[in-house]
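Novice: Next comes the sequence, and after it the predicted model I'd like to discuss.
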Amino acid sequence: MHNMASVNAPTLQFKNSALFGIHPKSFICFETQNSSITKKPLVIEARANTRTESAKIRNRRMQKKYNGTATQPRLSVFCSDKQLYAMLVDDKNKKCLFYGSTLQKSIREDPPCSTLEAAQRVGEALVKACVDLNINEISSYDRNGVRRGERLQAFEIAISSYGFLPR
């Protein structure tokens with residue numbers, strides 16, 4: 001303890017701590033001798049929306065504008081890496097009027113087919129469901145920010161014959 005007092009270091013004293021019943025003591029501050037610590041500059045980078053994020057933002061904005069009804073539902077399509085999923089959505093009543101995907105056994109296995117042919121069959125099943133539900137028009141076609149690949153084009157060809165999509 002006596003060795004610390006003999007070190008030539010600055011001391012800090014607090015004068016008004018006696019007001020709170022604490023007696024003032026002197027504190028000894030030591031400077032670090034390690035010079036290997038380097039300070040890195042703080043770099044702040046602005047992060048722009050990536051293409052997928054901006055597509056999602058655009059999709060949410062579109063869903064607010066175009067609400068599906070029972071007579072004019074919203075057609076929502078999503079393509080994953082291997083599959084296609086399609087839904088007719090009635091946003092007013094919060095109901096799904098039709099759901100079809102390339103994973104369904106009724107579409108995929110009768111007769112067995114590739115994913116591309118199954119996507120076309122999903123489109124044909126959608127047209128059949130629209131005829132049964134007396135739906136002649138959709139309020140909006142929602143691709144969920146997905147680009148038009150082979151599966152999506154096969155699906156669109158099947159439903160464009162019914163007049164849902166412009167040729």
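Specialist: Structure received.
Novice: Quick check, pLDDT for the closest residue to Gln83 other than its chain neighbours.
Specialist: In space, Gln83 comes closest to Thr102 once its chain neighbours are excluded; the distance is 4.8 Å by Cβ to Cβ, 6 or more residues apart in numbering. Quick note: C-beta positions are derived from backbone N, CA and C, even for glycine. pLDDT for Thr102: 90.
Novice: contacting residues for Thr102?
Specialist: Thr102 makes contacts with Gln83, Leu84, Tyr85, Arg108, Thr115, Ala118, Ala119, Val122, Arg151, as judged by Cβ atoms under 8 Å, 6 or more residues apart in numbering.
Novice: again, but for Lys56
Specialist: Asn144, Gly145.
Novice: Just name the closest of the contacts of Thr102 to Asp142, please.
Specialist: Tyr85 (11.7 Å; Cβ to Cβ).
Novice: could you list every residue that touches the closest one?
Specialist: The neighbours of Tyr85, taking Cβ under 8 Å, 6+ apart as the test, are Val77, Phe78, Cys79, Tyr99, Gly100, Ser101, Thr102.
Novice: could I get the contacts of Thr102 as CSV with distance to Pro73 and secondary structure?
Specialist: Shown next, in CSV, are the contacts of Thr102 (distance: Cβ to Cβ, whole Å; DSSP: H, G, I helix; E, B strand; the rest coil):
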residue, distance to Pro73, secondary structure
Gln83, 22, coil
Leu84, 18, strand
Tyr85, 15, strand
Arg108, 24, helix
Thr115, 25, helix
Ala118, 22, helix
Ala119, 20, helix
Val122, 16, helix
Arg151, 21, helix
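Novice: Mind putting those residues into TSV with distance to Arg60 and pLDDT?
Specialist: Listed next are the contacts of Thr102 as TSV, based on distance: Cβ to Cβ, whole Å; pLDDT from 0 to 100:
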residue	distance to Arg60	pLDDT
Gln83	23	88
Leu84	21	90
Tyr85	18	91
Arg108	31	84
Thr115	28	83
Ala118	29	89
Ala119	25	89
Val122	24	91
Arg151	24	85
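Novice: Highest neighbour count among these?
Specialist: Ala119 (30 neighbours; other Cβ atoms under 10 Å).
Novice: Quick check: that one vs Gln153, distance?
Specialist: 9 Å (Cβ to Cβ, to the nearest Å).
Novice: where are the low-confidence patches of the protein?
Specialist: Scanning the chain for pLDDT under 70 picks out 1-37, 45-53, 166-167.
Novice: That concludes my questions; thank you for your assistance.
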